[in-house]
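[1] dropping a prediction and its sequence here:
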Amino acid sequence: MKKLSPFLVLFLLLFGLWLIFGQPVRSPLNPEAIPRSVTARGDLAADEQNTIEIFKKNSSSVVYVTSTALRRGLFSLNAVEIPQGTGSGFVWDNEGRIVTNYHVISDANSVQITMADNSTWKAVLVGASPDKDIAVLQINAPKKLLQPITVGESANLLVGQKVYAIGNPFGLDRTITSGIISALGRQIKSVSGRMIHGMIQTDAAINPGNSGGPLLDSAGRLIGVNTAIYSPSGAYAGIGFAVPVSEVNRVVPELIKFGRIIRPGLGATLADENLNANLGVDGVLILGLEKNGPADKAGLRATTQYMGEIILGDIIVAIAGSKVDSYDAIRTELERFKVGDEVTVTVVRDGSPVDVPVRLGAVE
C-alpha cells in the first residue's frame, strides 16, 4: 500500500481542524430583538389577596422604634447620642400612644418613632411593665398619621391557624411575614427575670428588629406582640414568641392610667425557692406580714422567733384552688384577679390545710 505524503497528511489534518473550528461564528446580536410576549395570569389566590389586604390595612399602624443612649467622649466631656437599638411598635389609639416591648427602650436616653410616611417623632415614656415586656410611649403626631391597630382576642386561638407579623427586621421597615401558630401556653423569661406565661409560639419569620411589632390573625386583628426568638445564631430559626393580646389589653390601660401595673397582692413577705427547699417546705413559707395589710387582716401567720427558736408561719400551697410552689407562681395566680377581689388562700398550718379568705390589696 502506498504511503501518504507527509505534506498530504498535514493538509488533511489542517483541513479537518478547519472544519471543526474554522467555521464562521454567527453573530449573537440581533437588531430586530423585541421583548417576549407576556403570559397573562388569572386572579390572585384567595390567601394571597387576604395577605395583601392585611398588609394594606395594618402597615400604617406599625412604627419603627429607634432608641439612643448618651455617652461621653473618651477624651472630652461632650455627651453624644449613639444608636442603642431598633425595634417595632404599633399605634394603640388616636392620642398618639405607641405600644412596644420594654426591652426595646429599656436602656434608652431618648426614643424616636418613625411613622409610615417616614416622619420622625420624639417619644416619651408613659409607662412600662418589665415583667410583661410591654411599654407604652407617647408621640405628638397629628391624628391623620395615627391609625390605631384593630384589637382581636387570644383566648380562642388554635394551633395551626395562620398568623402574620409586621415589623422592621434588621431595620427593613414594614416587612410582613406569615406562618402559623406552632404552640400555645409557652413561657419565657422576661427582662426582669420573671416568667411570662401563656406565650404564643409561631413560625412566622421574626428577626431582630421585629420586637414590639404586631402578630395578626387572618382577619387582620392584633392577637399578640412579637417579643422574642429562640435561635442559637440570633437570627430566624423558626421559633418566635408573642405576648398574647389578652395580656396586652389588660396591661396597656393600666400603664396609661398609672404609669405602672397596679398588682393585687397579699401584703406578705414570702420565702424564695432556695429557703423553702432548705426547710423542706412543700409550698411557700410566709416570712413576714405588712401591718394591717390584706394577709394580716385575714389572720395569716408569719414566721416568728420565740426564745431563740424559729416558729414557722403559714405555708401557702394554693391560690383560689390552684396549686402554687413558688413566689412567681403565687404572683401569676394573683394576676388573674383585681385589687379588692376576695380570694381563697390555702395554707398548711400546724400540719393541716386551712382555707383563708383574703381581700387583695395593691402592691408595688
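    Received it, and whenever you're ready, just let me know what you need. Given the structure is predicted, the values throughout are model-derived calculations rather than measurements.
[2] which regions of the stretch 201-350 of the chain sit below the pLDDT cut-off?
    Counting by pLDDT under 70, the stretch 201-350 of the chain contains low-confidence ranges at 231-236.
[3] who are the contact partners of Ser154?
    With contacts defined as Cβ atoms under 8 Å, 6 or more residues apart in numbering, Ser154 is in contact with Ile200, Ile223, Gly224, Pro244, Val245, Ser246, Glu247. For every residue, glycine as well, the C-beta is placed using N, CA and C.
[4] top of those residues by neighbour count?
    For these, neighbours were counted by other Cβ atoms under 10 Å; the highest total belongs to Gly224, with 29 neighbours.
[5] can I assume that one is in contact with Ile200?
    Yes - under the criterion of Cβ atoms under 8 Å, Gly224 is in contact with Ile200, at a separation of 4.8 Å.
[6] what do the two both touch?
    With Cβ under 8 Å, 6+ apart as the test, Gly224 and Ile200 both reach Ser154, Leu215, Ala242, Val243, Pro244.
[7] could I get these as CSV with secondary structure and distance to Ile310?
    What follows is these, written out as CSV (DSSP: H, G, I helix; E, B strand; the rest coil; distance: Cβ to Cβ, whole Å):
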residue, secondary structure, distance to Ile310
Ser154, coil, 45
Leu215, strand, 49
Ala242, strand, 45
Val243, strand, 41
Pro244, strand, 42
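[8] nearest to Lys56, of these?
    Of all the shared contacts of Gly224 and Ile200, Leu215 has the smallest distance to Lys56: 17.6 Å, by Cβ to Cβ.
[9] got the phi/psi numbers for Glu333?
    Taking degrees, to the nearest 10, you get phi -70, psi -40 for the backbone angles of Glu333.
[10] report the contact partners of the residue nearest to it when sequence neighbours are not counted.
    Once flanking residues are discounted, Glu333 sits nearest to Ile319: 4.0 Å by Cβ to Cβ, 6 or more residues apart in numbering. By Cβ under 8 Å, 6+ apart, the contact set of Ile319 is Ile330, Glu333, Leu334, Val343, Thr344, Val345, Thr346.
[11] who wins for neighbours among the residues you listed?
    Counting neighbours by other Cβ under 10 Å, the top entry in the contacts of Ile319 is Val345, with 27 neighbours.
[12] looking at this, that one is in a helix?
    No - residue assignment for Val345, taken from DSSP: H, G, I helix; E, B strand; the rest coil, gives strand, which places it outside any helix.
[13] residues contacting it?
    For Val345, the set of contacting residues under the criterion of Cβ under 8 Å, 6+ apart consists of Leu266, Ala295, Ala298, Leu300, Ile316, Ala318, Ile319, Asp355, Val356, Pro357, Val358.
[14] now do Val248
    Applying Cβ under 8 Å, 6+ apart, one finds that Val248 lies in contact with Val99, Ile134, Leu222, Gly224, Val225.
[15] ok now the host helix or strand of it, how far from the chain's centre?
    In the assignment (DSSP states H and E), Val248 maps to helix 245-258. A distance of 15 Å separates the C-alpha centroid of helix 245-258 from that of its chain, computed with Cα atoms, centre = their mean, to the nearest Å.
[16] helices along the chain, start to end?
    In the chain, helices defined by DSSP state H lie at 6-21, 46-58, 102-105, 245-258, 273-279, 294-298, 327-334, listed in chain order.
[17] closest one to Asp350 among those?
    With Cβ to Cβ as the criterion, Asp350 lies closest to helix 273-279 of the helices of the chain, at 15.6 Å.
[18] which parts of that closest one are buried?
    Asn276 (16 or more other Cβ atoms under 10 Å).
[19] so that it lines up with my notes, have the first residue be 17 from now on.
    Fine by me, first position is 17 from now on; the one you just mentioned is helix 289-295.
[20] packing partners of it?
    Packing partners of helix 289-295 (3 or more Cβ pairs under 8 Å, 6 or more residues apart in numbering; DSSP states H and E): strand 300-305.
[21] what lies in contact with the strand it packs on?
    Applying Cβ under 8 Å, 6+ apart, the set of residues contacting strand 300-305 from outside is 283-287, 291-292, 295, 311-312, 316-319, 328-333, 340-343, 345-346, 363.
[22] sort out which of those residues are buried, if you could.
    Neighbour counting over these (16+ other Cβ under 10 Å) leaves 283-287, 292, 311-312, 316-319, 328-333, 340-343, 345-346, 363 as the buried ones.
[23] got the contact list for the residue nearest to Lys313 when sequence neighbours are not counted?
    Spatial nearest neighbour of Lys313, excluding adjacent residues (Cβ to Cβ, 6+ apart): Arg375 at 7.5 Å. Taking Cβ under 8 Å, 6+ apart as the contact definition, Arg375 lies against Pro310, Lys313, Ala314, Gly356, Asp357, Glu358.
[24] switch the cut-off to 7 Å
    Shown in contact with Arg375 (Cβ atoms under 7 Å, 6 or more residues apart in numbering): Pro310, Gly356, Glu358.
[25] quick one: which of those residues is most hemmed in?
    By neighbour count, taken as other Cβ under 10 Å, the most surrounded of those turns out to be Pro310 (25 neighbours).
[26] was I right to think it contacts Pro280?
    No - with contact taken as Cβ atoms under 7 Å, Pro310 and Pro280 are classed as non-touching, separated by 8.7 Å.
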